[in-house]
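Asks: Sequence first, predicted coordinates after that:
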Amino acid sequence: MAERHKLADINFLSHDSLQLHARLPTHQRHKGKSRAKDLGWCWVHGLKVSTHLNPTFERCDDNYYCCGGSTGLQVANVGHGLMMMTWKEKVVPDEECFESIKAGLDLVSPGEKIILNTGEFYGLNPPEANLALLNRFFTKYPEYRERAFISVKGGFNMKARQSDGSPSPFEKGEIPSTVHGNPPCLRPLGISVENINKWLGFKPDLFECARQDKNHPVEETISTLKGLVEEGFFDYIGLSEVSEATLRRAAKIHPIAAVEIEISPWTYELETRNVIQAAKELDVLVVGYSPLGHGFLASNYQPGTTFSDIRAHSPRLAPGALEANIKVRDALTKISTKLGITNAQLCLAWVVSLGPHVVPIPGSHTKSRTLENFSASNVKLSESDLKEINETIEAFEIVGNRYPAGVPVWT
């Protein structure tokens with residue numbers, strides 16, 4: 001029998017029950033083999049979250065429980081972050097990125113989707129390079145579009161390096177020729193969204209501001225985004241790096257489909273837990289970015305390692321801090337080695353264990369790493385495993401803040 005896990009008043013089945021397929025009425029059974037085993041689902045404002053990906057098991061389409069919306073959109077419980085495909089000085093070849101993206105999307109069956117997380121500013125020259133990459137990918141492989149749930153960050157003033165949640169002063173279609181320079185002090189939401197759609201070549205599924213603009217209340221931001229949904233620019237509203245209080249305020253204005261926050265064994269703060277709990281109450285999907293600690297927790301970095309990309313600005317990877325934090329990585333390695341899995345799989349399975357509404361989005365630009373990450377969906381940590389991991393997390397004090405001084409967090 002499958003174990004049951006309580007989410008509010010709804011029961012969810014764990015990954016173990018294969019007998020359920022036989023107990024379903026014949027007309028409800030999936031015919032033939034599927035590339036995804038989804039024995040357990042959670043609805044969060046229309047996003048139906050799969051609890052398992054496995055290319056060898058049969059799939060039970062109707063074995064799910066509802067805790068929110070009703071659109072039938074099935075989202076796998078591990079997603080794919082695309083930022084580091086383009087936010088680096090050394091260009092990653094398109095075909096390498098494409099094979100990495102396809103590796104994840106190939107795991108799902110028709111009607112199911114995997115979150116692909118991108119951003120309007122996830123590039124160096126131009127800032128929209130990540131969007132352009134996706135445009136090229138789906139132009140070459142249009143058949144994969146129906147398998148992807150595209151989540152995009154925007155609403156960020158690249159010149160001022162700060163959030164901009166201003167309502168757009170421009171009418172639809174009136175995009176300045178150089179949106180990063182006109183107007184010089186504003187990056188209104190309407191301009192941001194139209195710019196994203198232009199670079200992608202299609203409308204994304206979900207839009208979220210990279211941070212909540214401190215100059216505009218979240219109620220104003222969500223009201224503006226609601227209008228853009230009604231105009232057909234995207235379908236779902238998300239939030240990124242916001243506090244529990246901001247999430248609750250936003251949800252009063254319009255249903256929030258997802259909230260993206262940093263979650264990993266070295267980033268599990270009190271506010272992280274508060275947001276996860278609030279999201280559970282509000283039927284909001286929690287998307288966990290940097291679940292591998294910017295790759296550090298799955299790495300073999302040694303004392304003295306330096307970085308030439310965005311990680312060079314991380315206080316936790318600075319000289320001195322890195323050496324102290326290696327102890328945490330090594331402690332987790334002992335557990336993963338004992339379990340016969342990789343550190344990446346351990347970290348991702350731990351994030352997934354935080355709730356059926358929690359989806360990590362590890363980044364990768366190679367096919368092999370993508371497959372390693374997605375295979376974490378098949379790892380079931382026991383209560384004793386989780387106890388050991390949690391005790392390890394609590395035993396070490398992480399050295400360094402998540403971001404450099406001045407970067408807004410929990411907005």
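Replies: In hand now; what should we look at?
Asks: got a list of what Pro126 touches?
Replies: Neighbouring residues of Pro126 by C-beta atoms under 8 Å, 6 or more residues apart in numbering: Ala132. Where C-beta positions appear, they are placed from N, C-alpha and C, glycine not excepted.
Asks: Looks like Phe121 contacts Gly155 (just checking).
Replies: No. Counting by C-beta atoms under 8 Å, Phe121 sits too far from Gly155 to count as a contact (9.9 Å).
Asks: can you list residues touching both of these two?
Replies: With C-beta under 8 Å, 6+ apart, Phe121 and Gly155 have common neighbours Ala210.
Asks: ok, those two, which is more surrounded?
Replies: The neighbour count for Phe121 versus Gly155, taken as other C-beta atoms under 10 Å, is higher for Gly155 (30 against 24).
Asks: That one contacts Ile191, doesn't it?
Replies: No. Shown here, Gly155 and Ile191 do not form a contact pair, counting by C-beta under 8 Å, at 9.5 Å.
Asks: Asp385: what secondary structure?
Replies: Under DSSP: H, G, I helix; E, B strand; the rest coil, Asp385 falls in the helix class.
Asks: what about it, distance to Gln345?
Replies: Distance from Asp385 to Gln345, counting by C-beta to C-beta, to the nearest Å: 12 Å.
Asks: higher neighbour count, these two?
Replies: Neighbour count, other C-beta under 10 Å: between Asp385 and Gln345, Gln345 has more, with 21 against 18.
Asks: so who does that one touch?
Replies: Ser336, Glu372, Asn373, Ser375, Ala376, Val379.
Asks: Kindly recompute the last result at 10 Å.
Replies: Ala298, Ser336, Leu339, Glu372, Asn373, Phe374, Ser375, Ala376, Ser377, Asn378, Val379 (C-beta atoms under 10 Å, 6 or more residues apart in numbering).
Asks: Tell me the confidence at it?
Replies: For Gln345, the model assigns a pLDDT of 98.
Asks: where do the contact lists of Asp385 and Gln345 overlap?
Replies: Joint contacts of Asp385 and Gln345 (C-beta under 10 Å, 6+ apart) are Leu339, Val379.
Asks: what's the neighbour count on Gly201?
Replies: There are 13 residues near Gly201, going by other C-beta under 10 Å.
Asks: and the gap between it and Leu270?
Replies: Gly201 is 41 Å from Leu270, by C-beta to C-beta.
Asks: Same question for Gly238.
Replies: 22 Å.
Asks: Which one's more surrounded, the two?
Replies: Counted by other C-beta under 10 Å, Gly238 and Leu270 do not tie: Gly238 has more neighbours, with 24 against 8.
Asks: On the three-state scheme, the more buried one is what?
Replies: Relying on three-state DSSP, one would call Gly238 strand.
Asks: my guess is it meets Val229, correct?
Replies: No. When contacts are counted by C-beta atoms under 10 Å, Gly238 is not listed as touching Val229 (11.4 Å).
Asks: so what's in contact with those two at the same time?
Replies: Residues touching both Gly238 and Val229 (C-beta under 10 Å, 6+ apart) are Leu206, Phe207.
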